[in-house]
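[1] show me the folded form of this:
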Amino acid sequence: MKHNRILLYAIAFLQGMVFYASIATLYREVCGITIFQITLIESISLILSLSLELPWGVLAERAGYRRTIIICCFIYVISKIIFWQASNFLGFLIERILLAVVCSGLSGTDVSLLYLSSEPGHSQRSFSIYENLSTGGLLISSMIYSVLIRHNYRLAALLTIFSYAAAFLLSLGLHDIKSKTADPKCSYSDMVCTLKFSLHSRKLICLLLATAFISETSQMLTVFISQMKYASIGMSNALTGLAYTVMTGVGMLGICSARITERFGTAHTGILSFLAVCVSCIVLTMTQNTLLCILCISIIRLAANLFLPLSSTLQNDMISSRQRAMILSMNALLMESLAACIDPVFGALANKNLNLSFVFGAVLSVLGLLLYIVLSRQNDATLQSS
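    Next comes the predicted model:
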């Protein structure tokens, strides 16, 4: 289904074009929102996502992946309109509530459709392209912000609406793979049975925990706390936007995830990713150098971008059931449950002392590394026994 892949890639690119991304924290702070309130909103959004993950998974199996993606893309546009007009805590909270609806709906659905639309054995390559086209959209939008928009935060939010509206229009052209996706008999009893199976899979739990650790560390440090770090060392808004552009560009090297995995192996690729994040976090606690800070933040983004396509492939390869989207939604549920606890900790630590948030990131990276080593050893043992 090359047609599906092309459309999904284009949608990822357009939805990556968040023109206000490089000043997302500053945008909210100008409206009187503190960093703790930002992380509190994130936590509320994640909790809502948790409650919606499984219902959305069942709905996606019944209605098909195409319809689910179309609905979510439309709600995405509405959320961006609200963000454009938001001026207080309630406005930004409503935007994140809608975003929670979208994220829980797309969770597992877009990945499932992309996996089923990929050629056998090439899913990691498809995931890498998908993730990094999103990063490419972010790179271009951040460059436009730095060069043309600069201090006009509201204009940046308005332009984001247009890119998300275009993504919605493209989603109308997707095709469902009905023989593999639509499952009108999918029920909540199936969901409960699948959840029990997932919770008893030690390999899957290790993978999900490790993925959550590196994903949330990257999200919180590169999107939110990095901007506070840059401000603390005296960087201007324009330079902060440029730093975000550099980080995004370096992160696009994550498109090489499949090639790197083929060269170094699944185990070594994952281990190197966690080590890179850990070392970068430690360096960030000790330096005030502008270039070194930008480099470390960029490495954190790159490491996560290299690991996440690998994680998506491993998760999909573990699925033998027809109800792929529902299982992936359950996986996301477990990871988001952990994220809902992690994000406020990052915010509270950053409010007290920025360095503490980087130390926390290093700790999570070490925990993720240990879990991934356990997973790799279990995979080796399975191969030897077979």
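
[2] show me the contacts for Ser107.
    When contacts are counted by C-beta atoms under 8 Å, 6 or more residues apart in numbering, Ser107 is found next to Ser49, Glu53, Trp56, Leu328, Ser329, Ala332. Bear in mind the C-beta positions are built from the backbone N, C-alpha and C, glycine included.

[3] how far away is the most centrally placed residue in the chain from Thr34?
    The centroid of the chain falls nearest to Ser215 when counting by C-alpha atoms, centre = their mean (6.6 Å). With distances taken as C-beta to C-beta, to the nearest Å, Ser215 is found 24 Å from Thr34.

[4] ditto for Asn132
    33 Å.

[5] so between these two, which is more surrounded?
    Asn132 (25 against 13; other C-beta atoms under 10 Å).

[6] so which helix or strand takes in the more buried one?
    If you go by DSSP states H and E, Asn132 is part of helix 123-144.

[7] so which other helices or strands are in contact with that helix?
    Using 3 or more C-beta pairs under 8 Å, 6 or more residues apart in numbering; DSSP states H and E, the elements in contact with helix 123-144 are helix 2-16, helix 109-116, helix 153-171, helix 237-251, helix 257-264, helix 290-317.

[8] and it, average pLDDT?
    Averaging pLDDT along helix 123-144 gives 84.

[9] could you report the neighbour count for Asn353?
    Quick note: Asn353 (other C-beta under 10 Å) scores 11 neighbours.

[10] repeat for Arg202
    Neighbours around Arg202, by other C-beta under 10 Å: 11.

[11] so the closest residue to it other than its chain neighbours versus Ala267, what's the distance?
    In space, and not counting its chain neighbours, Arg202 is closest to Gln378: 6.9 Å by C-beta to C-beta, 6 or more residues apart in numbering. In this view, Gln378 and Ala267 are 11 Å apart by C-beta to C-beta.

[12] and Ala12, how many neighbours?
    Ala12 has 21 nearby residues by other C-beta under 10 Å.

[13] please disregard the earlier target; I meant Phe89.
    By other C-beta under 10 Å, the residues close to Phe89 number 17.

[14] same question, the one 4 residues further on
    Leu93 has 17 neighbours, counted by other C-beta under 10 Å.

[15] pLDDT weak spots in this protein?
    178-200, 320-323, 379-386 (pLDDT under 70).

[16] ok, longest helix in it?
    If you go by DSSP state H, the chain has its longest helix at helix 354-385.

[17] and stretch 100-115, how far apart are its ends?
    Start-to-end span of stretch 100-115 (C-alpha to C-alpha, to the nearest Å) is 23 Å.

[18] measure how buried Thr88 is and give me the count.
    Check again: residue 88 is Asn, not Thr. Neighbour count for Asn88, taken as other C-beta under 10 Å: 10.

[19] and it, how close does it get to Met252?
    From Asn88 to Met252 the distance is 35 Å (C-beta to C-beta).

[20] just Gln378 next, same as before
    Distance of Gln378 to Met252, computed by C-beta to C-beta: 32 Å.

[21] Ser273: helix or strand, and which one exactly?
    Element membership for Ser273 (DSSP H and E) is helix 266-284.

[22] looks like Thr217 contacts Ser365 (just checking).
    Yes. Thr217 sits in contact with Ser365 when judged by C-beta atoms under 8 Å, with a separation of 6.2 Å.

[23] overlap in contacts of those two?
    Taking C-beta under 8 Å, 6+ apart as the criterion, Thr217 and Ser365 both touch Val277, Cys281.

[24] residues contacting Val101?
    Applying C-beta under 8 Å, 6+ apart, one finds that Val101 lies in contact with Leu48, Leu52, Cys72, Ile75.

[25] can you put those residues in a markdown table and add distance to Val246?
    Below are these laid out as a markdown table (distance: C-beta to C-beta, whole Å):
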| residue | distance to Val246 |
| --- | --- |
| Leu48 | 33 |
| Leu52 | 35 |
| Cys72 | 31 |
| Ile75 | 32 |
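
[26] any idea which of those residues is the one closest to Gly16?
    Within the contacts of Val101, the smallest distance to Gly16 is 15.5 Å, found for Cys72 (C-beta to C-beta).

[27] tell me the SS of the closest one?
    Under DSSP: H, G, I helix; E, B strand; the rest coil, Cys72 falls in the helix class.

[28] for it, grab the count of nearby residues.
    So Cys72, with other C-beta under 10 Å, has 22 neighbours.

[29] please apply the same query to the one 4 residues further on.
    Taking other C-beta under 10 Å as the criterion, the count of residues near Tyr76 is 24.

[30] quick check: the gap between Ile94 and Ala156.
    Look at Ile94 and Ala156: by C-beta to C-beta, they are 19 Å apart.

[31] who's more crowded, those two?
    Taking other C-beta under 10 Å, Ile94 and Ala156 do not tie; Ala156 has more neighbours (26 against 15).

[32] where's that one relative to Ser226, distance?
    Distance from Ala156 to Ser226, counting by C-beta to C-beta: 18 Å.

[33] go on, Ile44?
    Distance of Ile44 to Ser226, given as C-beta to C-beta: 22 Å.

[34] among those two, which residue is more densely surrounded?
    Ser226 (25 against 16).

[35] give the burial count for Phe74, as a bare number.
    16.
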